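A.B. asks: sequence plus the predicted model coming up.
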Amino acid sequence: MLQAKITIQNYYQYRHVEKPGWQLGWTWAGNEVIWSMSGAFATKQGNCSTFKFEIPHCCKKDPIIVDLALEAPREKRSDGCCHGGFLAASAINPFKSFVSFGMKVGNLRGNYTAHKPLNITLMAPGLGYTCDEFVDTDPTISSVIEGKRQEQVIRTWKSTCTYSTFLANRSPICCVSLSTFYNPEVTPCRLCSCGCKLADNEAKSCIRQSSLPLSERELVQCTDHMCPLRVHWHIMKNYRNYWRVKLTISNYNLGKNYSNWNVVVQHPGFSQQSTVFSFNNTVLPTVGVPDEVALFWGLDFYNDALLQAEEKQVGSVTTEILLLKDMNSFTLSNGWAFPRRVYFNGENCEMPLPDTFPMLPNGCSKKNPYSSHLSLLFLIYLTYKTLNFWS
């Protein structure tokens, strides 16, 4: 029998895994079974009829593993476990961006050598993630006896999981609207940004178009854009050395709160000093992206939850941002003051067309916002060490 430890690490800086949480699956290479687990559990036991005396925790060829709740009893826990399936974005809370759990693996092959599992799958909690097969990496070394002794496991494997928006959401979930102090016209979200309105004009709620079964589709307020979420960027004031922006996120979803939400804004103005009044924020390190990228998320116990909409109003959170001017680059013309890209919970928000941006009194903005892709990686580690030589 072997002792295995599995660690899931979220390296994505601005995408978290929300409840009901992650699900990890694989296919055993042989006839392995899970005798016991700590820090997580298999959703199905499977057929264990061949075991007469001690019944394994899971006998399925393709087990599905989920996290334990925060309130799990002490005897079922392990170090680094039990977040209820939640994994934080690494730039927001690195201490909650990983989870670990243990299991005893038995019914091994004749030479008792561990064989790597196959067909790794990750649901977090929905579709979107594709995982590579496990590959050998340097064996994990841990410190014991107050750091005075090092112990090495017999084998460590690693799998990398990448995310695809297309696999997760065939239709966008977010759009961007714009306004300024110098123009009374508001640039709304593009028509049918996230699908087209099917209900009549008097309907207050609409079922959003989706490839999901009808029972799982989102019920949102009827709008021309049909997005569950809208991010609004308003240029408020232009001072001598600073300029002020108001950032508002609105929830049109009639059946869902967004806990631990975050918004990413790509804009060259964030290369200068900024003051954010009602959100947490940080500037993300990037490679190959020409503009600065700022990450915003809610303050604990104040606006960290974006509440669901009601029929006559939307849920919203807002902040003002004061940005220092770089006199060599700052301008209100040609769309410079508007975001290049906006992401909500890691999902790309549909931007208005450049020729619809609010015009200055003496002209209009024509600059096309820069499009870029910011990547995501999940790493899953599986380590084995020997318990004893029977199975």
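C.D. replies: It's in.

A.B. asks: what ranges do the helices span in the stretch 51-200 of the chain?
C.D. replies: 165-168 (DSSP state H, counting those that start in this stretch).

A.B. asks: shaky segments in it?
C.D. replies: Where the stretch 51-200 of the chain drops to pLDDT under 70, the residues are 110-113.

A.B. asks: all strands for it, in order.
C.D. replies: Applying DSSP state E, counting those that start in this stretch to the stretch 51-200 of the chain gives strands spanning 64-67, 98-106, 118-123, 129-131, 135-137, 141-144, 149-152, 155-163, 174-180, 183-187.

A.B. asks: nearest to residue 351, out of these?
C.D. replies: Within these, the stretch nearest residue 351 is strand 174-180; the backing value is 5.1 Å (Cβ to Cβ). Every residue, glycine included, has its C-beta placed from N, CA and C.

A.B. asks: what comes up buried for that closest one?
C.D. replies: 174, 175, 176, 177, 178, 179, 180 (16 or more other Cβ atoms under 10 Å).

A.B. asks: how does the protein divide into domains?
C.D. replies: 2-166, 171-196+218-356 (the TED database).

A.B. asks: okay if I get those domains as a markdown table plus distance to residue 202?
C.D. replies: Formatted as a markdown table, these follow (distance: least, Cβ to Cβ, whole Å):
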| stretch | distance to residue 202 |
| --- | --- |
| domain 2-166 | 33 |
| domain 171-196+218-356 | 9 |
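
A.B. asks: so which of the ones you listed comes closest to residue 380?
C.D. replies: Nearest of these (Cβ to Cβ): domain 2-166, 4.6 Å.

A.B. asks: that older thread, what about the strands of the stretch 51-200 of the chain, which gets the closest to residue 338?
C.D. replies: The nearest among the strands of the stretch 51-200 of the chain, by Cβ to Cβ, is strand 174-180 at 5.6 Å.

A.B. asks: show me what that closest one is packed up against.
C.D. replies: Contact here means 3 or more Cβ pairs under 8 Å, 6 or more residues apart in numbering; DSSP states H and E; on that basis strand 174-180 packs against strand 183-187, strand 229-238, strand 341-344.

A.B. asks: indicate which one of these is closest to residue 68.
C.D. replies: Closest to residue 68 of the helices and strands packed on strand 174-180 is strand 341-344 (Cβ to Cβ; 29.0 Å).

A.B. asks: rewinding a little: most tightly packed of the strands of the stretch 51-200 of the chain?
C.D. replies: Each of those was scored by mean neighbour count; the highest is strand 174-180, a mean of 24, by mean count of other Cβ atoms under 10 Å.

A.B. asks: who's in contact with that one?
C.D. replies: Contact with strand 174-180 is made by 185-190, 193-194, 225, 227-235, 332, 337-339, 342-344, 347-352, 357-358, as judged by Cβ atoms under 8 Å, 6 or more residues apart in numbering.

A.B. asks: which of those residues are buried?
C.D. replies: For those, buried by 16+ other Cβ under 10 Å: 187-190, 193-194, 225, 227-235, 332, 337-339, 342-344, 347-352, 357-358.

A.B. asks: mind checking the domains of the chain for the one nearest to residue 209?
C.D. replies: So among these, domain 171-196+218-356 is nearest, using Cβ to Cβ, at 3.9 Å.

A.B. asks: can you tell me how far residue 199 sits from residue 217?
C.D. replies: 13 Å (Cβ to Cβ, to the nearest Å).

A.B. asks: so between those two, which is more surrounded?
C.D. replies: residue 217 (14 against 11; other Cβ atoms under 10 Å).

A.B. asks: that one against residue 208, yeah?
C.D. replies: Yes: Residue 217 lies in contact with residue 208 (Cβ atoms under 8 Å); the separation is 5.8 Å.

A.B. asks: for residue 318, what are its contacts?
C.D. replies: Counted by Cβ under 8 Å, 6+ apart, residue 318 has contacts 246, 247, 248, 249, 278.

A.B. asks: helix or strand for it, which one?
C.D. replies: Assigned by DSSP states H and E, residue 318 falls within strand 315-324.

A.B. asks: can I get the CA coordinates of that strand in PDB?
C.D. replies: Taking C-alpha atoms only, strand 315-324 is exported to PDB below (Å, rounded to 0.1, in the frame of the first residue of the first chain):
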ATOM      1  CA  GLY A 315     -27.000  44.700  -7.700                       C
ATOM      2  CA  SER A 316     -23.900  46.900  -8.000                       C
ATOM      3  CA  VAL A 317     -20.500  47.800  -6.400                       C
ATOM      4  CA  THR A 318     -18.600  51.000  -7.300                       C
ATOM      5  CA  THR A 319     -15.400  52.900  -6.600                       C
ATOM      6  CA  GLU A 320     -13.700  56.100  -7.600                       C
ATOM      7  CA  ILE A 321     -10.100  55.900  -8.900                       C
ATOM      8  CA  LEU A 322      -7.700  58.900  -8.800                       C
ATOM      9  CA  LEU A 323      -4.800  58.500 -11.300                       C
ATOM     10  CA  LEU A 324      -1.700  60.600 -11.600                       C
END
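
A.B. asks: what's the average pLDDT for it?
C.D. replies: Regarding strand 315-324, the rounded mean pLDDT is 97.

A.B. asks: give me the angle between it and strand 229-238.
C.D. replies: Angle, strand 315-324 to strand 229-238, by axes from the mean of the first three to the mean of the last three Cα atoms, to 10 degrees: 40 degrees.

A.B. asks: buried sites along strand 315-324?
C.D. replies: Buried-residue list, strand 315-324, by 16+ other Cβ under 10 Å: 315, 316, 317, 319, 320, 321, 322, 323.

A.B. asks: measure how buried residue 148 is and give me the count.
C.D. replies: When neighbours are defined as other Cβ under 10 Å, residue 148 has 7 of them.

A.B. asks: related to what we said a few turns ago, looking at the domains of the chain, which is nearest to residue 362?
C.D. replies: Of the domains of the chain, nearest to residue 362 by Cβ to Cβ is domain 171-196+218-356, at 8.5 Å.

A.B. asks: so what's the gap between the closest one and the chain middle?
C.D. replies: The chain centroid and the centroid of domain 171-196+218-356 are separated by 18 Å under Cα atoms, centre = their mean, to the nearest Å.

A.B. asks: that's all I had, so thanks and see you.
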